[in-house]
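Peer 1: 3D, please:
(one chain, ligands or ions: 1)
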Amino acid sequence: MAFSSVFSDPLSRSIFKKFVAMLCCLLISLYFLYFLTDSSTMPIPVKATGEDTGYLASDFKQWQSVQRKIFLQKIMSQPEQRMAGRNYHFNSGFTRTNNINGFPADGKDEGDQHYFSSAPRMPSSTNFDGLAGRPILPGGTGSNSGSGKISLLGEGTKKLPQALIIGVKKGGTRALLEFIRVHPDIRAVGAEPHFFDRNYDNGLDWYRDLMPKTLEGQITMEKTPSYFVTSEAPARISAMSRDTKLIVVVRDPVTRAISDYTQTLSKKPDIPTFESLTFKNRTTGLIDTSWSAIQIGIYAKHLENWLQYFPMSQILFVSGERLISDPAGELGRVQDFLGLKRIITDKHFYFNQTKGFPCLKKAEGSSKPHCLGKTKGRTHPNINPEVVQRLRDFYRPFNMKFYQMTGHLFGWDD
Ligand SMILES: Nc1ncnc2c1ncn2[C@@H]1O[C@H](COP(=O)(O)OS(=O)(=O)O)[C@@H](OP(=O)(O)O)[C@H]1O
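Peer 2: Below is the predicted model of the structure:
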C-alpha cells in the first residue's frame with residue numbers, strides 16, 4: 001500500500017527515475033574505468049638484458065594485479081567516503097611505467113632484468129594489508145586496520161630515494177629489493193638506474209624522474225650493486241642527501257667471486273677458467289686483484305671510502321647467507337633500519353624446493369607465489385679446491401678487518 005502510494009506520487013516517481021538513471025551511469029562508468037585502468041598502463045620493460053625474461057612476464061602479471069587491487073579499493077572505499085562525509089576524489093590516470101633512456105644495453109655488471117614497476121601504492125597507514133595487498137574495510141581486520149585513512153590514488157610525487165641498496169654485486173641484492181618492496185611503505189624502482197656510476201651526468205632531475213610516485217610516509221628505493229665499488233659514489237650520494245640510508249648485502253667473497261664468474265660465463269662461454277683468471281702468477285700463487293671478481297670482495301677497502309662520507313649508523317649490512325637461511329630475520333633488521341613497522345615476517349616466505357631458495361608467498365601487488373628468476377641461484381661450476389683455499393687465505397685478513405669495522409661476524413672464515 002505504502003509502496004504504491006509512494007509511486008502514485010509524481011514527485012517520488014521522478015526522484016526514483018533520477019536515482020535509477022544515476023545508478024546506471026555509475027555502473028557504466030565503473031565498467032569503462034575497469035577496462036581503461038587494466039589495459040592502458042602496461043609496463044614498458046627497460047632494456048632487458050636478455051637474461052631473466054621470465055621476470056618481465058611476472059612483473060606484468062603483478063602490474064595487472066595491482067591495477068585490479070586499486071580498482072577494487074576504489075569501489076570498496078566509496079561507501080566509506082560517504083559514511084565519513086568527506087570530499088575525497090580519486091584520480092584514475094595512473095602514470096605509465098617509466099622508461100630509462102641511456103641505460104647500458106649489455107647489462108654486463110649485475111645482469112639483472114631491467115624493468116620498472118611504478119603502480120601507485122598505499123602506505124601502511126592506509127587501508128591496505130601489506131601481506132596480501134587486500135583493502136581493509138573500516139573496522140576490518142588486518143595488520144593496518146583501524147587507521148581509517150584513505151589515500152588519494154594516483155597522486156603522490158616522485159622523490160629522490162631516501163634509501164639505496166648499494167651492493168654488493170651477486171650478494172643477494174635482487175632478493176632483498178623484491179622482499180622489501182612487499183612493504184606498503186616502500187616504493188622501489190625495479191631496474192638498476194646506475195645513476196651514481198654511469199648516468200650521473202644526466203642530473204638529479206633525470207634520476208628523480210625514474211622514481212615511482214610516493215605518498216607521504218613512503219620511502220623511495222633503488223638498487224644498483226656497483227655503487228659499492230664506485231669510488232665517486234659516496235661523495236655523489238652524500239651531495240644528494242647526507243641522510244641517505246645505505247644498505248649493503250654482503251656474501252662470502254669467495255662464493256661471490258665464483259657467482260660473478262658464473263654470470264660472465266653464462267654470457268661468454270669462451271672465457272678462461274676461473275682458476276686461470278684468479279692468479280697473476282699461478283706458480284707463485286699471486287692473486288690478480290685487478291680482476292673485478294676478486295676486487296669487489298675486498299669489502300673493508302671499499303667500506304673505508306664510504307666512511308669518509310657516511311657514519312656507520314647510516315649503513316646497514318645484510319648477510320647474503322642469512323637472507324637465504326632466514327629471510328624474515330634479515331628483513332626484520334632492514335625494516336628496523338628504515339624505521340618501518342615490521343610488516344614483513346616469516347609468514348611472507350616459503351622455501352621452494354625446486355628453486356632451492358626462499359620465495360615470496362605473495363609478491364608485491366600479486367596474490368601468487370613468487371621466486372626470483374632463473375639468473376638468481378645458478379649452479380656454480382666446480383672450482384679446484386686448492387684455488388678456493390688460496391682465495392680463502394687471501395680474503396681472511398680483509399674479512400677480519402671488515403668484521404671489525406662493521407661489528408658483525410659474518411662467519412665466512414669459520
Ligand atoms: N631468495 C633468493 N632466490 C634466488 N637467489 C637468491 C635468493 N636470495 C639470495 N639469492 C642470491 O642472490 C644472488 C644474486 O645476487 P644479486 O641479486 O645481488 O645479483 S646481481 O648483482 O644483481 O646480479 C644469487 O647468486 P647465485 O646463487 O650465484 O646465482 C643467489 O645466491
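Peer 1: What's the first helix or strand after the helix or strand of the chain with the lowest mean pLDDT?
Peer 2: Between all helices and strands in the chain, the lowest mean by mean pLDDT, DSSP states H and E belongs to helix 53-84, at a mean of 35. Following helix 53-84 in sequence order, the next helix or strand is strand 157-158 (DSSP states H and E).
Peer 1: tell me which residues of stretch 338-349 are tucked away?
Peer 2: Buried positions in stretch 338-349, judged by neighbour count with 16 or more other C-beta atoms under 10 Å: Leu338, Leu340, Ile343, Ile344, His348, Phe349. C-beta coordinates here come from the backbone N, C-alpha and C atoms, glycine included.
Peer 1: no no, stretch 267-277
Peer 2: Phe274.
Peer 1: what's it in contact with?
Peer 2: Contacting residues not belonging to stretch 267-277 are listed as 108, 111, 257-258, 261, 264-265, 282, 288, 291, 293, 381, 383-384, 387 [C-beta atoms under 8 Å, 6 or more residues apart in numbering].
Peer 1: who wins for neighbours among these?
Peer 2: Greatest neighbour count in the contacts of stretch 267-277, by other C-beta atoms under 10 Å, goes to Ala257: 26 neighbours.
Peer 1: Helices of the stretch 251-400 of the chain, start to end?
Peer 2: Per DSSP state H, counting those that start in this stretch, the stretch 251-400 of the chain has helices spanning 253-267, 274-278, 292-295, 299-307, 320-325, 327-337, 385-406. These are given in chain order.
Peer 1: For the chain, which residues are neighbours of the ligand?
Peer 2: 110-112, 169-175, 225, 259, 262, 323-324, 357-358, 372, 376-378 (C-beta under 6 Å from any ligand atom).
Peer 1: Apply 5 Å and report the result again.
Peer 2: Contacts of the chain with the ligand, taken as C-beta under 5 Å from any ligand atom, map to 110-112, 169-175, 225, 259, 324, 357-358, 372, 376-378.
Peer 1: Could you give me the ChimeraX syntax to select whichever of those are buried?
Peer 2: In ChimeraX, this line selects whichever of the residues of the chain next to the ligand come out buried by 16+ other C-beta under 10 Å:
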select :110,111,112,169,170,171,172,173,174,175,225,259,324,357,358,372,376
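Peer 1: residue ranges with poor pLDDT in the stretch 51-200 of the chain?
Peer 2: Flagging of the stretch 51-200 of the chain using pLDDT under 70 yields the residue ranges 51-154.
Peer 1: same thing but 50
Peer 2: Residue ranges of the stretch 51-200 of the chain with pLDDT under 50: 51-109, 111-120, 125-152.
Peer 1: How many neighbouring residues does Ser226 have?
Peer 2: A count of neighbours around Ser226, defined by other C-beta under 10 Å, yields 21.
Peer 1: quick one: it is in a strand?
Peer 2: No - under DSSP: H, G, I helix; E, B strand; the rest coil, Ser226 falls outside any strand and is assigned helix.
Peer 1: what would the helices of the stretch 251-400 of the chain look like in TSV with mean pLDDT and distance to Lys245?
Peer 2: Below are the helices of the stretch 251-400 of the chain laid out as TSV (pLDDT from 0 to 100; distance: least, C-beta to C-beta, whole Å):
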stretch	mean pLDDT	distance to Lys245
helix 253-267	98	23
helix 274-278	97	35
helix 292-295	98	25
helix 299-307	98	12
helix 320-325	98	18
helix 327-337	98	7
helix 385-406	98	15
